[in-house]
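Q: here is my input; please provide its structure:
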Amino acid sequence: MTLTKLIGIGAVAASLVGCRDEASLSPTPTAYLWPDSFAYKMEFVAESRGKSGLVSRYEERKELVLAVRDDRYLAWHDSVIKESLTPPRNGVVEPYVPEDTVHFYVTLNRRGQVTRSEPGCDPALVSCQQVLPSALPLELMRLVPRLPVWPLPKGAAWADTLVFDDTPRARGGRGSIVTTYRAVADTAVAGTVLWRVVWHSTRRTYGVAPGLLGITVGMPVEEDGVVYIDKERQVPVFAAWAGAVAAPPALRAMGVTGTGFRGRAYLAGSIVERLLGPPE
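A: So this is what the prediction gives:
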């Protein structure tokens with residue numbers, strides 16, 4: 001199985017065969033119960049297509065690990081694989097960016113908010129000076145919905161805004177992401193009851209868009225996602241998202257109007273990983 005097929009949004013439905021919606025009217029979750037250590041296996045692909053077919057494709061696979069150190073988490077990426085393809089040329093391995101290799105010190109509260117994130121490296125090092133401060137919070141927001149302060153009825157919506165500013169860095173931009181969340185009916189997967197939270201976000205970025213192939217964004221980027229939260233463990237176990245961004249001038253000249261992207265992440269050791277099985 002190729003990475004592209006593996007992370008297709010259609011695989012989300014296939015992996016949840018046998019699920020059923022419950023009539024339970026239990027309230028929206030308002031707190032997570034974070035373990036001392038946990039990891040998410042993440043997969044991402046972005047494709048640009050023109051009239052003649054595929055113009056370019058970028059694929060990424062990695063693991064995000066978090067482990068308690070004193071009163072906060074130490075977070076880092078492991079097993080990072082980054083590849084790109086521009087037909088008819090063969091695919092190439094893409095180099096790492098500083099965020100791929102550096103450790104972060106992170107404070108993650110029970111509502112899913114990153115209240116503090118800083119690189120765990122020597123600030124005198126050039127590579128440390130290039131790390132985008134918002135990299136980890138932007139990554140986690142797709143995996144961890146911000147929970148409301150008070151319980152909400154099923155179907156009720158709530159919103160959250162994340163403002164970022166990486167302009168002191170050469171690759172950095174600034175902007176905001178407004179996300180609207182809605183909890184829908186509970187779902188049972190192989191005997192495990194999950195909360196299902198759907199979300200829609202609008203990202204407005206000025207300068208270089210962090211984490212999105214370095215594309216300069218001059219208009220809002222719309223994105224949709226879903227997260228499943230284990231009701232007993234009180235931790236997200238699966239997330240999937242998809243969106244699109246306007247093509248830069250070089251690609252528009254080739255007939256490309258935009259780049260579509262999609263991804264997914266699942267908690268290592270969870271019921272979702274057992275259902276999906278190991279990648280081929």
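Q: okay, and the beta partners of the closest residue to residue 71 other than its chain neighbours?
A: Using CB to CB, 6 or more residues apart in numbering and skipping the chain neighbours, the partner closest in space to residue 71 is residue 107 (8.0 Å). Every C-beta, even on glycine, is put in place using the N, C-alpha and C of the backbone. For residue 107, the beta-bridge partners under DSSP bridges are residue 116.
Q: surely residue 107 touches residue 75?
A: No: the criterion here is CB atoms under 8 Å, and residue 107 misses it with residue 75 at 10.5 Å.
Q: pick out whichever of those two has more residues nearby.
A: Shown here are residue 107 and residue 75; by other CB atoms under 10 Å, residue 75 has more neighbours (23 against 13).
Q: so how far is residue 48 from that one?
A: Distance, residue 75 to residue 48, by CB to CB, to the nearest Å: 31 Å.
Q: ok, now residue 160?
A: From residue 160 to residue 48 the distance is 30 Å (CB to CB).
Q: tell me which of the two has more neighbours.
A: Under the criterion of other CB under 10 Å, the comparison of residue 160 against residue 48 puts residue 48 first, with 24 against 19.
Q: surely that one is within a strand?
A: Yes: assessed with DSSP: H, G, I helix; E, B strand; the rest coil, residue 48 lies in a strand.
Q: hmm, residue 247 and it touching each other?
A: Yes: taking CB under 8 Å as the definition, residue 48 is a contact partner of residue 247 at 6.4 Å.
Q: need the overlap of contacts for the two.
A: Common contacts of residue 48 and residue 247 (CB atoms under 8 Å, 6 or more residues apart in numbering): 256, 258-259.
Q: check those for burial and list the buried ones.
A: Neighbour-count burial (16 or more other CB atoms under 10 Å) applied to these gives 256, 259.
Q: ok, the shared contacts of residue 48 and residue 247 vs residue 69, which is closest?
A: For those, the residue nearest residue 69 by CB to CB is residue 259; the value is 37.1 Å.
Q: ok so, going back, quick one: which of the shared contacts of residue 48 and residue 247 is nearest residue 191?
A: Each of the shared contacts of residue 48 and residue 247 was checked against residue 191 using CB to CB; the closest is residue 259, at 39.4 Å.
Q: next, the most centrally placed residue in the chain: phi, psi?
A: In the chain, the residue lying closest to the centroid (CA atoms, centre = their mean) is residue 142, at 3.8 Å. Main-chain torsions, residue 142, degrees, to the nearest 10: phi -80, psi -20.
Q: do you know how far it is from residue 176?
A: 16 Å.
Q: where does residue 128 sit: helix, strand or coil?
A: helix.
Q: so what's it up against?
A: 98, 102, 119, 121-122.
Q: distance check, it against residue 94.
A: Using CB to CB, residue 128 is found at 21 Å from residue 94.
Q: same deal with residue 201?
A: 25 Å.
Q: ditto for residue 80
A: Going from residue 80 to residue 94 by CB to CB gives 10 Å.
Q: about what we covered before: and for the closest residue to the residue nearest to the centre of the chain other than its chain neighbours, the neighbour number?
A: Spatial nearest neighbour of residue 142, excluding adjacent residues (CB to CB, 6+ apart): residue 241 at 5.2 Å. Around residue 241 there are 21 other residues, counting by other CB under 10 Å.
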